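Undergrad: model the structure of this input:
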Amino acid sequence: MPSPSPTPDPTATPSPSPSPVPTATPSPSPTPAPTATPAPTGWDHLNALDNTKTGWYYVPAFPLGADLPAVIPESVHKLVQASHALWQEADPDGKPLYLTMDEGYEFQNLTDGILDIARDKEVPITFFITGSYLARNPERVLRMVQDGHLVVNHTQRHPNLPDLLASEGPEAVLSELTQVEDAFRQLTGQDMARYMRPPEGSYSERMLALLDQAGYRTVFWSYAYRDWLTDDQPDPDAALEKALDNLHPGSILLLHAVSETNQKILPRLIDAARERGYRFLPLTSLTAP
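TA: Residues are numbered from 1 along each chain as shown. Have a look, this model is predicted:
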């Protein structure tokens with residue numbers, strides 16, 4: 001629930017979602033789901049693309065606290081542009097923030113408190129859920145939808161997608177997503193918007209191209225921190241200071257909902273960000289350049 005040069009900053013450590021336990025005017029809707037047309041011959045051209053596995057990372061801009069955007073290597077920027085992936089807004093209007101949370105499993109009912117805070121503060125959240133989370137927490141997923149949050153795809157089993165692509169091919173990768181979509185539709189009667197976050201933040205050129213061509217918008221982030229270890233939680237005051245130091249217009253913030261620290265600091269984070277002129281928007285308001 002981040003690797004090559006330049007050397008990643010500690011704040012840019014990849015932020016894998018916890019492994020599953022046995023487990024404001026919106027832009028146009030994401031691209032409609034592809035049909036079930038068999039794909040074997042349709043993906044042959046992807047074999048020419050590099051499938052080297054890379055972990056997502058960003059580098060915070062300095063000085064901290066100056067509302068400056070994060071940066072990524074130019075080579076990664078080109079991949080992101082080519083695949084229409086999102087990680088921060090390129091040319092934000094004012095000071096928007098996009099709050100996202102990964103849900104691999106439920107821990108101490110923390111999501112309930114997070115949803116209460118979001119309701120009271122009127123803040124939209126994008127929840128990236130696994131199939132196992134949906135199966136074990138259908139009432140929470142229904143509440144997310146009913147409260148007006150965006151619920152999207154973090155794969156069925158939380159596999160490393162470049163590895164899966166190499167070992168089992170494109171159909172296996174897409175099946176990880178369609179299984180979640182099918183279960184979401186059965187639960188809610190709605191189609192799941194076609195945003196996805198790769199488990200572990202792991203990607204490759206081939207994987208990004210596959211997802212883009214299948215109609216998915218891959219979503220990374222421009223702020224995350226080491227918050228997913230439930231038995232080694234960050235100090236709340238230090239965590240809040242780190243988050244506020246890294247705020248920048250158009251940022252996609254990744255927090256893990258298994259973090260007790262995140263639940264504790266969320267009200268103060270929202271209030272402090274708003275005092276600095278930031279506004280929280282749904283991810284559907286952000287489009288790739």
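
Undergrad: His77 - that's part of a strand, no?
TA: No: under DSSP: H, G, I helix; E, B strand; the rest coil, His77 sits outside any strand and is assigned helix.

Undergrad: separation between it and Ser83?
TA: Distance from His77 to Ser83, counting by CB to CB, to the nearest Å: 11 Å. (Glycine included, C-beta is placed from N, CA and C.)

Undergrad: the two - which one has more neighbours?
TA: The neighbour count for His77 versus Ser83, taken as other CB atoms under 10 Å, is higher for Ser83 (21 against 13).

Undergrad: got the contact list for the more buried one?
TA: Leu208, Ala209, Leu211, Asp212, Thr218 (CB atoms under 8 Å, 6 or more residues apart in numbering).

Undergrad: and if you look at Ala272?
TA: Leu240, Leu244.

Undergrad: all helices of the stretch 1-150 of the chain, in order?
TA: 74-83, 110-121, 131-136, 138-146 (DSSP state H, counting those that start in this stretch).

Undergrad: most neighbours, which of the contacts of Ser83?
TA: Leu211 (25 neighbours).

Undergrad: wait, that one sits on Tyr195?
TA: No: contact criterion CB atoms under 8 Å: Leu211 and Tyr195 do not qualify, at 10.3 Å.

Undergrad: pLDDT below threshold where in this protein?
TA: The chain contains residues with pLDDT under 70 at 1-41, 287-289.

Undergrad: what's around the closest residue in space to Gln156 that isn't next to it in sequence, how many residues?
TA: Distances taken as CB to CB, 6 or more residues apart in numbering place Gly131 nearest to Gln156, at 3.6 Å, with adjacent residues excluded. Look at Gly131: counted by other CB under 10 Å, it has 23 neighbours.

Undergrad: mind checking how far Gly131 is from Thr52?
TA: Per CB to CB, Gly131 is found 27 Å from Thr52.

Undergrad: for Ser83, same thing?
TA: Counting by CB to CB, the gap from Ser83 to Thr52 is 15 Å.

Undergrad: which residue packs closest to Val258, ignoring adjacent ones?
TA: Closest to Val258 by CB to CB, 6+ apart is Phe107, at 4.0 Å.
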